[in-house]
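Engineer: Give the three-dimensional model of this entry:
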Amino acid sequence: MASKQELSVVIDLGTSKMVALAGKLTELGKIDVKGLVQLPSKGIKRGVVFNIDETAQVITELISKLEEQVEEEVQTVNVTMAGSKMQAIDYQCSAITSGEGFVTAQDVQRLMDEAQNVVLKQDYKVVKVIPTSYIIDDENEVENPVGSTGRKIEASFKLLVVPQEYLNTMKLVLDKAGVELGELIHASLAVSEASANSEEKEVGVIVVDFGAGTTNMAVYQENVLKHAAVIPFGGQVITNDIKEGCSIFLKKAELLKVKYGQAMGDFADDQKVVTIAGENGWEPRDISFKSLAYIIQARMEEIIDIVNDQINKSGIEENLGSGIVITGGTSQLDNIISLVKFKTGMDARKAHTIIYPATRKEEFQNPDYLTALGGLKMILSSSGTSAGSTHVRKSKKKDRGFAPLIKDVVQGALNLFDTDQSDVELN
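Structural biologist: Now for the predicted structure:
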């Protein structure tokens, strides 16, 4: 576990906003939040950096403001992100136990190391290894294998993998901001950490984050990650639909969505209209609430249909007793819960934090901070690493200068391994 004296920093790299969060563990194991900053994003498209300089400028400002709050210099940051090429794949390996007929911690670590260092095709890299099951002597499945009697241990893992280009780009961005990259965290796992409890994950739950540029989801059962996916579009696509459908400027389309939008046209009042003021000689334009809602509903149904496809791909769609937890800016639309229930046939609720920091508790009722908070908890809870720590430097501080929509979203099987793993799917 991270030292209680070390400060860890997480930046949630969103398409519409970035959140920087700094904290450490108290003596009682709670999170002591020392700094919190949120700024509008620049240089991010569908969860991925497309302009290094613009993104570095925002991160530099985030870090500067964060350092003012924590009164320390940030050296290393951990980043939560959700690019469409981030994937979760299955990997199995086995070994003969090295103990006197029982499994040792070293046996388990050897299997973890093999999974961590597996060679992947297509320039992908493993960023996290999650155990899903252990089987002893081909018959006994155990949750905690250490100490189990047997001569053979077989492990199944979920590997979270990202393209090397994501890592390279992020390192370039952070280098311009004068810091180093610690861990790259799948945003779906981070938001799930903050919004779904262990009981829900035991029975089976789906966490869906309807973000601006992407829709991220994670599926859990028996407290194990079963599936994770990033759908490469979100609320910004709805805004664009409103712009096109109502023939208005993009900025006004976003305001219209946020202030008057709802997810189901049948529930909208057909007697209500909103008037868009004219500009530069253009006449004012009246838009009915019902017409606006039907535009939003059409795109939301399309997104939820792909969520359904991903749920089916998890293979456990019949065993998800808790239902769906939804979060993200688009989840704030009126009647979104009703639409999700109707389209999926599952129960649904809006996300709220299940992490209660020792300090600044009221601020974390804001769902905008769920991903960053979940990511910080993951870093502080991780064992044997100080990747997310920051210390006061004695050396000179480094200068921070700058020099068709839905297509092939649900992908088929893809072998990422150089070794013979032909049954591995790209999830």
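
Engineer: Quick one: low-confidence residue ranges for the chain.
Structural biologist: Scanning the chain for pLDDT under 70 picks out the ranges 1-5, 281, 383-427.

Engineer: Where do the domain boundaries of it fall?
Structural biologist: As assigned by automatic domain parsing, the chain contains the domains 87-163, 197-350.

Engineer: Any chance of CSV for those, columns mean neighbour count and distance to residue 71?
Structural biologist: (Each C-beta comes from the backbone N, C-alpha and C, glycine too.) As requested, the domains of the chain are exported to CSV (neighbours: other Cβ atoms under 10 Å; distance: least, Cβ to Cβ, whole Å):
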stretch, mean neighbour count, distance to residue 71
domain 87-163, 17, 31
domain 197-350, 19, 32
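
Engineer: closest to residue 176 out of those?
Structural biologist: Proximity to residue 176 (Cβ to Cβ) singles out domain 87-163 among those, at 20.1 Å.

Engineer: The closest one: end-to-end distance?
Structural biologist: Terminal residues of domain 87-163 lie 9 Å apart, using Cα to Cα, to the nearest Å.

Engineer: gap between that domain and the chain center?
Structural biologist: Centroid displacement of domain 87-163 relative to its chain, using Cα atoms, centre = their mean, to the nearest Å, is 24 Å.

Engineer: got it, and stretch 204-223?
Structural biologist: Centroid separation for stretch 204-223 versus its chain: 8 Å, with Cα atoms, centre = their mean.

Engineer: that older thread, will you turn the domains of the chain into JSON lines that also has distance to residue 20?
Structural biologist: Shown next, in JSON lines, are the domains of the chain (distance: least, Cβ to Cβ, whole Å):
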{"stretch": "domain 87-163", "distance to residue 20": "20"}
{"stretch": "domain 197-350", "distance to residue 20": "17"}
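
Engineer: looking at those, which is closest to residue 7?
Structural biologist: Closest to residue 7 of these, according to Cβ to Cβ: domain 87-163, at 22.1 Å.

Engineer: Residue 36: which of the domains of the chain is closest?
Structural biologist: Smallest distance to residue 36 across these (Cβ to Cβ): 17.9 Å, for domain 197-350.

Engineer: Name the residue closest to the centre of this protein, please.
Structural biologist: For the chain, the residue nearest the mean C-alpha position is residue 187 (1.5 Å; Cα atoms, centre = their mean).

Engineer: okay, the helix or strand harbouring residue 114 in PDB with CA atoms only?
Structural biologist: Assigned by DSSP states H and E, residue 114 belongs to helix 105-116. Taking C-alpha atoms only, helix 105-116 is exported to PDB below (Å, rounded to 0.1, in the frame of the first residue of the first chain):
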ATOM      1  CA  ALA A 105       3.100 -16.400  -3.300                       C
ATOM      2  CA  GLN A 106       6.100 -16.700  -5.700                       C
ATOM      3  CA  ASP A 107       4.100 -19.100  -7.900                       C
ATOM      4  CA  VAL A 108       1.300 -16.500  -8.300                       C
ATOM      5  CA  GLN A 109       3.800 -13.700  -8.900                       C
ATOM      6  CA  ARG A 110       5.500 -15.700 -11.700                       C
ATOM      7  CA  LEU A 111       2.200 -16.000 -13.500                       C
ATOM      8  CA  MET A 112       1.400 -12.300 -12.900                       C
ATOM      9  CA  ASP A 113       4.800 -11.400 -14.300                       C
ATOM     10  CA  GLU A 114       4.200 -13.600 -17.400                       C
ATOM     11  CA  ALA A 115       0.900 -11.900 -18.100                       C
ATOM     12  CA  GLN A 116       2.400  -8.500 -17.500                       C
END
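
Engineer: for that helix, packing partners?
Structural biologist: If you count contacts as 3 or more Cβ pairs under 8 Å, 6 or more residues apart in numbering; DSSP states H and E, helix 105-116 packs onto strand 87-96, strand 124-136, strand 152-163.

Engineer: Residue 10 versus residue 310, what's the distance?
Structural biologist: Shown here: residue 310 relative to residue 10, a distance of 26 Å by Cβ to Cβ, to the nearest Å.

Engineer: With residue 115 instead?
Structural biologist: From residue 115 to residue 10 the distance is 24 Å (Cβ to Cβ).

Engineer: looking at this, residue 169 is in a strand?
Structural biologist: No - Residue 169: not assigned to a strand; according to DSSP: H, G, I helix; E, B strand; the rest coil it is helix.

Engineer: need the contact list for the closest residue to it other than its chain neighbours.
Structural biologist: Closest residue in space to residue 169, ignoring its immediate chain neighbours: residue 49 at 5.0 Å, by Cβ to Cβ, 6 or more residues apart in numbering. Residue 49 makes contact with 13, 43, 55, 169, 170, 173, according to Cβ atoms under 8 Å, 6 or more residues apart in numbering.

Engineer: so residue 49 bridges to which residues?
Structural biologist: Listed beta-bridge partners, residue 49: residue 44 (assigned using DSSP bridges).

Engineer: What's the separation between it and residue 39?
Structural biologist: Look at residue 49 and residue 39: by Cβ to Cβ, they are 15 Å apart.

Engineer: now residue 58
Structural biologist: Residue 58 sits 6 Å away from residue 39, going by Cβ to Cβ.

Engineer: For the two, list the residues in contact with both.
Structural biologist: Common neighbours of residue 58 and residue 39, using Cβ under 8 Å, 6+ apart, are residue 18.

Engineer: how near is the closest residue to residue 46 other than its chain neighbours to residue 320?
Structural biologist: Spatially, and ignoring its direct neighbours in sequence, residue 46 is nearest to residue 213 (4.2 Å; Cβ to Cβ, 6+ apart). Distance from residue 213 to residue 320, counting by Cβ to Cβ: 26 Å.
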